[in-house]
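>>> how would this look folded up:
(chains A and B)
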Amino acid sequence: MINTITILPGLDKAGGKENYRHLTLTAGETVSIVGPTGSGKTALISDIELLAQGDSSTRRRILINGKIPSDEIRYNPAMKPIAMITQNTKCFTDLSTMEFLKIHARARKIIDEKVIIETIDLANKFTGEKIDRETRVTVLSGGQTRSLLIADAILIGAAPIILLDEIENAGIFKQEVIDIIKNTSKIIIFVTHDPVIALLSKKRIIMENGAVKKVLSQNEFETKAAANLLELDKQVGFIREKLRAGDEITKDLIKVNFA
Amino acid sequence: MKLLVIAGPPSAGKTSLTKQIVRRFKDEMTIAFLKIDVVKAYEDIELGREFKILTKKIYSGDLCPDHAGVMVLGDAVEWAESKNADLFVVESAGLCLRCSPYLNQGLGIIVLSSISGIHAPEKMGAMVSLADIAVVTKIDLVSQAEREVLIQKIKDVHPNLILIETNALQGTSLHRLYELIKQSEEIDSDKLYLKGNPPIGTCTICVGKKEIGWKHHFGVIKKLDGQIAEYLYRGE
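As a prediction, this is how the structure comes out:
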C-alpha cells in the first residue's frame, strides 16, 4: 500500500542544489506542477515515474512510504506503482486497440479480459471521436490516443500514483477525466498550464529553471475562483463543440453569460 | 578485464549508450573500444576524441559482419589486454539477424529503440534471446503504456532478460546497468566462445553466384513450397 511519495532535492539547470528539504505527497492528494515552458515540469514527473535514485539528469531521489523502492518495484512493469500519461499522443505500435490493451493487461498481470472492453468504453467517455476496438493504435488521433491512455492508466495501469502531463492539450473532455480520477485514493499529479486544473489541486508546485521554486496549498478563494472558471470553461466548451459540429453562432448562443 | 558486447539495429542508440557507460567509468577504469561495422563507422573517432579512450574499428566489407567479428575478436581481446584495459566494449552493428555476437563470458547487451516496432524483438532472434540485458532507448518519445507493451513483447522472447529503460542521450536510469557492469566477472581470454550457433556454411549464393532459382544452386537451397530441410546440401 502506498501512502506517500517523497521527492528529495536534486540540482537546478545551473547545477545548484534545490532549495527544499523534502517534498511529501500523500494518498488522495491532487497536485499541480506549474511554471513556464522549460522550467523542469516534465523532468520532475519523469523523475517520479522512473523512481529516480540520483540517476536522472536532475539527480533527484524518490522515496515510497519514506523508503528507497526495491529494484522489483522500479523495474518490473507489473509491480510499478505509477502510471504516466505523457504529452506524446502518437503510438508507434502496429496493433489494434484491443490487441494493444490485451498485451498491456498481460504486462500488468491482469487475467480478466473484461477490463479491455471497460477501458475502451471509458476512453470513449473522454473523447468525442469514438474509438473502435479494431482501430489500429497508430492511426488514432491525438485526442483518441490520450483518452485511451488515460483510461488505460486508470483501469489497466491501476496504479496508486497517476501522472498527467498537460492533459488539457489534446481535444479531450478534461472535466470528465478530472471527475473520474479525483474521487479515488490515488496520488494524482498534473503538469499543467490550465488555471482550472491548477486551482482544483490541493497543492501547487511551482517550477523555475529546472528546480522546485515553492509549494503552495490551495486557499479558500482559490476554490471559489476555480468554481467560477469551471463555469466559464463549460461555456467555452459548449461553444467549442458547437463550432466543431459545424453549427453557427446564433442569437441564442450569444446569450451565453461570461460574467 | 571485463567485457561488454553491445548489439542492436542501426540508430537504436548503441553509441549513445556506450558514451554513457564510458562517461561513468572512464575515471576509474582504462577503457578500450572496438567498433565492428560493414561500410562506414565514426564511433571510434567520436569516442576517442570525446573521452580520450583507446579505440579501434574494423569494416567487414564483403565478409559477413558477424563472421568478421569472430575472426578479429581474438586479436582485439589481446590488444585490449596488452593496453591494460579494465573494460573492453565491443559495439557490433545488428545486421542480418541470423547470429548474435555475444560470448560465453562478459555481458551481452541488446539495444532496442522504443519506436522500433512491436514485432522487432521477435524478428531479431538470437540478438535478443541470447542477450543478458536489454536496454530500451528513446523512452521519452512514447507513452508508458506503449513501453510496457514493448517490454512484454521482449519478455515473451526472453523471460529472464534484465530490462533497463533509458533516454540514452541523457543517461537516465542507468544506475542498474552500471552496477551489473561493476559486478560482472573478469574474462578468461583463453576460454572465449560464441554463445550462439554459427550459421550453416557456404553455398553457391554465399560465394557470389547470381542466378535466380534453386536449380542453379548448390548448398542450402529452398523451393517455393516445402521444407528447407528436404533439400539441404543438395550438392552433386
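>>> drop to CA atoms for contacts and neighbour counts, all remaining ones
Fine.
>>> show me where the stretch 51-200 of chain A has its helices.
For the stretch 51-200 of chain A, the helices defined by DSSP state H, counting those that start in this stretch cover A:71-75, A:97-107, A:114-126, A:142-152, A:174-182, A:195-200.
>>> likewise chain B?
B:14-25, B:43-51, B:65-82, B:120-123, B:126-129, B:144-157, B:175-183 (DSSP state H).
>>> please point out which parts of the second one sit buried.
So that's helix B:43-51. Neighbour counts over helix B:43-51 (16 or more other C-alpha atoms under 10 Å in any protein chain shown) mark B:43-44, B:47 as buried.
>>> next one: the last one
Of the residues in helix B:175-183, those buried under the neighbour-count criterion (16+ other C-alpha under 10 Å) are B:175, B:177, B:181.
>>> nearest spatial neighbour of the first one, chain-adjacent residues omitted?
Closest residue to B:His175 apart from its sequence neighbours, by C-alpha to C-alpha, 6 or more residues apart in numbering or on different chains: A:Asp55 at 5.9 Å.
>>> in this structure that neighbour contacts B:Leu177, no?
No. Using C-alpha atoms under 8 Å, A:Asp55 makes no contact with B:Leu177, being 11.0 Å away.
>>> spatially central residue for the chain, please.
You didn't say which chain, so I picked chain A. By C-alpha atoms, centre = their mean, chain A has its centre lying nearest to A:Leu164, at 1.4 Å.
>>> bridged to it, which residues?
Beta bridges link A:Leu164 to A:Ile85, A:Phe190, judged by DSSP bridges.
>>> show the contacting residues for it.
A:84-86, A:188-191 (C-alpha atoms under 8 Å, 6 or more residues apart in numbering or on different chains).
>>> in the longest helix along chain A, what counts as buried?
In chain A, with assignment by DSSP H, the single longest helix is helix A:220-244. Across helix A:220-244, burial judged by 16+ other C-alpha under 10 Å covers A:222-223, A:226, A:229-230, A:232-233, A:235, A:239.
>>> now do stretch B:118-132
Within stretch B:118-132, the residues scored as buried using 16+ other C-alpha under 10 Å are B:118, B:120-122, B:124-132.
>>> among those, which pair sits farthest apart?
By the measure C-alpha to C-alpha, B:Ile118 and B:Asp132 form the most distant pair in the buried residues of stretch B:118-132, at 20.3 Å.
>>> tell me the pLDDT at the residue lying closest to B:Gln144 once chain neighbours are set aside?
Sequence neighbours aside, A:Met84 is the residue nearest to B:Gln144 in space, at 6.1 Å (criterion: C-alpha to C-alpha, 6+ apart). A:Met84 is assigned a pLDDT of 83 by the prediction.
>>> dump the residue contacts of A:Met84.
A:49, A:153, A:162-165, B:143-144.
>>> how far away is the residue in chain B that chain A sits nearest to from B:Ile21?
Residue nearest to chain A within chain B: B:Thr172 (4.4 Å; C-alpha to the nearest C-alpha). Here the criterion is C-alpha to C-alpha, to the nearest Å. By it, B:Thr172 lies 12 Å from B:Ile21.
>>> got the phi and psi for whichever residue of chain A sits closest to chain B?
Of all residues in chain A, A:Ser56 sits closest to chain B, at 4.4 Å by C-alpha to the nearest C-alpha. Note on A:Ser56: backbone dihedrals following degrees, to the nearest 10 are phi -110, psi 170.
>>> now it, nearest residue through space, not along the chain?
Nearest one to A:Ser56, counting by C-alpha to C-alpha, 6+ apart, is B:Thr172 at 4.4 Å.
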